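S.K.: what follows is a predicted protein model with its sequence.
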Amino acid sequence: MSKTSKESKFIKFFKSAFSLVELMISLITISVIVSALAPVITKKLGGKSGVSIMENNLTTYCEEHFNSDCKLCDSFKRCVVCEKSCVSGTTNGIDDDKCTCFNCNAPDGDYSNFSNCVKCNRHECFQCNSGYGYTDTKNCELCAKGDYSNGWDVCKNCGDGKYTDAAGTASCSDCPTGNKCNAGIRTQCPAGQYQNDVRQSTCKTCSAGTYTSSAGQANCTNCSTGYYQTATGATSCNTACSSKTANCVECVASTGVCTKCASGYYLSGSSCVKCEAGYSCNGTSRTQCTAGKYAAAGSSSCSTCPAGKYSAAGAGSCTTCSAGTYSAAGAGSCTACATNTYSGAGASSCSNNTASNCATKSKTANVCATCASGYKFSGTTCVLDNCAAGQYKSGSSCKSCPAGYYCKNNNKYACGGVTYSTGGASSCSWCWLGICSSGICTEVNHTNGSTCLDCLGGYSMWGNGWCYQS
């Protein structure tokens, strides 16, 4: 190793040792300064260093490190000791490796922010309890109703749209619906007014047709059906629509103009008119009854005509069907009965006509309209008049005369001797046999006249109906 190298190493070692000595001297100097300031600071803090002091709702925050000559550093900040000492009443400023001393104006109430002295803001020097604010006399006062403070500042007013309901509040609340808030004081909107938004300083007035009956409402109430209110800011709505228009049940809530009448009436302009007969009225309009229905005056609906009655369109009542006709329920007209059927007035159907001896039958009663030939009316019944030749009366009718008989004057008579008839005869005929004319046969078959039934004395009857002399 050369001589020059050895000398260089020695010089470096010497310089390093010298720098270490300088560092030790600096640390000793700082320790001396801090020791000198400790009594002063402890006195200003009530004899306590590096603690919090609570007195009259006041909290002072202290740290263990301070600037070399001046007051407390900012709360919660660590102070840096400047290499340059400053005389009493000044503070150090730090600018890289350069320190400048600044004058602190007052011994109390100022603090150092490292570069200059500033007036101590209370929230930087101490904190009041929540709901309290500081005063210029270093005391904490209770914030009044409408004011607030979180303890770091003076009590401040909430302003409009916000409020506090009690003293000693840390923060303001948004003004709720139904209220107005002015300068931090909350007031309910009075009856007749409302507020449907938050953070408001005024109330709104209820419009016509609406109302609020109590304070603190977020919305107005519409008038009930059948009532109206023309004023704004109303606290009630109890004027009936009918007080302005007779028989009105609904109206415009803000004006009282009728919009609907009672049942059985209809609206004409703004008036209620009673429904005419033959119409139904629903309170707003009228409708004509259709055929088969009817309505009396003042009706709200049309009724159906019952069976046996009918009506045309627009009828106020039903008409009864006449005899000989009928109708079902809801008919617009009556229907005539069919042949051989009949009905009385107001019938719902026709019945079979059971009258006898009729040429034609009635449609209005169970009788003949005309009697059959040979019959005549006896009251409402057809009875025999005179039977025709060859007929006889049997009960209430004429019958054809049977064989062996002849009929006249409503009676029948038997053929005798050698006479006969084959039916429907008005007289008997003589036997055509020769024996009849000769008198040998005394009685023949009265239904045909071709067979002898009895012979004259001295004659005998053969099996073939002939008489022979014995």
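M.R.: That came through fine.
S.K.: for the protein, which segments count as helices?
M.R.: Here the chain has its helices, by DSSP state H, at 3-44, 122-125, 434-438.
S.K.: what is the rounded mean pLDDT of the second one?
M.R.: Across helix 122-125, pLDDT averages out at 41.
S.K.: check stretch 173-191 too.
M.R.: 97.
S.K.: same question for stretch 271-287.
M.R.: Rounded mean pLDDT across stretch 271-287 is 96.
S.K.: which of the residues in that stretch are buried?
M.R.: Under the neighbour-count criterion of 16 or more other Cβ atoms under 10 Å, stretch 271-287 has 272, 275, 276, 278, 279, 280, 281, 282, 283, 286 buried. Any C-beta I mention is one placed from the backbone N, CA and C, and that applies to glycine too.
S.K.: repeat for stretch 314-331
M.R.: Here stretch 314-331 shows 314-315, 318-321, 323-327, 330-331 as buried, counting by 16+ other Cβ under 10 Å.
S.K.: tell me the one of those nearest residue 431?
M.R.: Closest approach to residue 431 among these (Cβ to Cβ): residue 324, at 58.4 Å.
S.K.: might one say that that closest one is in contact with residue 361?
M.R.: No - under the criterion of Cβ atoms under 8 Å, residue 324 is not in contact with residue 361, lying 11.5 Å apart.
S.K.: spit out the residues that contact these two alike.
M.R.: Common neighbours of residue 324 and residue 361 are listed as residue 342 (criterion: Cβ atoms under 8 Å, 6 or more residues apart in numbering).
S.K.: I'd guessed residue 428 sits against residue 422; true?
M.R.: No - using Cβ under 8 Å, residue 428 is not in contact with residue 422; the gap is 10.2 Å.
S.K.: save the buried residues of stretch 314-331 as JSON lines, and put in pLDDT and distance to residue 240 too.
M.R.: Converted to JSON lines, the buried residues of stretch 314-331 look like this (pLDDT from 0 to 100; distance: Cβ to Cβ, whole Å):
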{"residue": "314", "pLDDT": "96", "distance to residue 240": "34"}
{"residue": "315", "pLDDT": "97", "distance to residue 240": "36"}
{"residue": "318", "pLDDT": "97", "distance to residue 240": "38"}
{"residue": "319", "pLDDT": "97", "distance to residue 240": "42"}
{"residue": "320", "pLDDT": "97", "distance to residue 240": "44"}
{"residue": "321", "pLDDT": "97", "distance to residue 240": "48"}
{"residue": "323", "pLDDT": "96", "distance to residue 240": "54"}
{"residue": "324", "pLDDT": "96", "distance to residue 240": "56"}
{"residue": "325", "pLDDT": "97", "distance to residue 240": "52"}
{"residue": "326", "pLDDT": "97", "distance to residue 240": "51"}
{"residue": "327", "pLDDT": "97", "distance to residue 240": "46"}
{"residue": "330", "pLDDT": "96", "distance to residue 240": "40"}
{"residue": "331", "pLDDT": "97", "distance to residue 240": "44"}
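S.K.: which one of the residues you listed sits closest to residue 387?
M.R.: residue 324 (33.2 Å).
S.K.: where does the closest one fall, phi/psi-wise?
M.R.: phi 90, psi 0 (degrees, to the nearest 10).
S.K.: touching, residue 200 and residue 182? I think so.
M.R.: No - using Cβ under 8 Å, residue 200 makes no contact with residue 182, being 9.9 Å away.
S.K.: that older thread, ok, residue 428 and residue 422, which is more surrounded?
M.R.: Taking neighbours as other Cβ atoms under 10 Å, residue 428 and residue 422 compare with residue 428 leading, 20 against 13.
S.K.: residue 381 reaches residue 375, doesn't it?
M.R.: No - at 9.1 Å, residue 381 and residue 375 do not qualify as touching, with contact defined as Cβ under 8 Å.
S.K.: more crowded one of the two?
M.R.: It is residue 375, of residue 381 and residue 375, that has more neighbours when counted by other Cβ under 10 Å, with 21 against 16.
S.K.: quick check: chain neighbours aside, which residue is closest to the more buried one?
M.R.: residue 382 (4.1 Å; Cβ to Cβ, 6 or more residues apart in numbering).
S.K.: confidence score at the one you found?
M.R.: For residue 382, pLDDT reads 88.
S.K.: quick one: residues contacting it.
M.R.: Counting by Cβ under 8 Å, 6+ apart, residue 382 has contacts 355, 356, 357, 358, 368, 371, 372, 375, 376.
S.K.: show me the beta-bridge partners of it.
M.R.: Assessed by DSSP bridges, residue 382 has beta-bridge partners residue 377.
S.K.: okay, the buried residues of stretch 271-287 in a markdown table with distance to residue 154 next?
M.R.: Rendered in a markdown table, the data for the buried residues of stretch 271-287 read as follows (distance: Cβ to Cβ, whole Å):
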| residue | distance to residue 154 |
| --- | --- |
| 272 | 69 |
| 275 | 78 |
| 276 | 82 |
| 278 | 86 |
| 279 | 81 |
| 280 | 78 |
| 281 | 75 |
| 282 | 71 |
| 283 | 68 |
| 286 | 77 |
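S.K.: among those residues, which pair sits farthest apart?
M.R.: 272 and 278 (18.8 Å).
S.K.: so which of the contacts of residue 382 are in strands?
M.R.: Per DSSP state E, strands hold the following members of the contacts of residue 382: 358, 368, 371, 375, 376.
S.K.: not counting sequence-adjacent ones, nearest residue to residue 211?
M.R.: In space, residue 211 comes closest to residue 234 once its chain neighbours are excluded; the distance is 4.1 Å by Cβ to Cβ, 6+ apart.
S.K.: my read: that neighbour touches residue 207, true?
M.R.: No - counting by Cβ under 8 Å, residue 234 does not reach residue 207; the two are 9.2 Å apart.
S.K.: domain parsing for this protein?
M.R.: By the assignment in automatic domain parsing, the chain contains the domains 38-126, 175-261, 271-326, 400-469.
S.K.: on that earlier part again, mind giving me the ChimeraX command for buried ones among the contacts of residue 382?
M.R.: This is the ChimeraX syntax for the buried subset of the contacts of residue 382, where burial follows 16+ other Cβ under 10 Å:
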select :355,357,358,368,371,375
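S.K.: check pLDDT for the contacts of residue 382 and point me to the minimum.
M.R.: Within the contacts of residue 382, pLDDT reaches its minimum at residue 375, with 81.
S.K.: report the contact partners of that one.
M.R.: Residue 375 makes contacts with 357, 382, 383, 384, 385, as judged by Cβ under 8 Å, 6+ apart.
S.K.: which of residue 234 and residue 207 has more neighbours?
M.R.: Per other Cβ under 10 Å, whichever of residue 234 and residue 207 has more neighbours is residue 234, with 24 against 15.
S.K.: tell me which residues touch the residue nearest to residue 211, please.
M.R.: Counting by Cβ under 8 Å, 6+ apart, the residues that residue 234 touches are 192, 206, 208, 210, 211.
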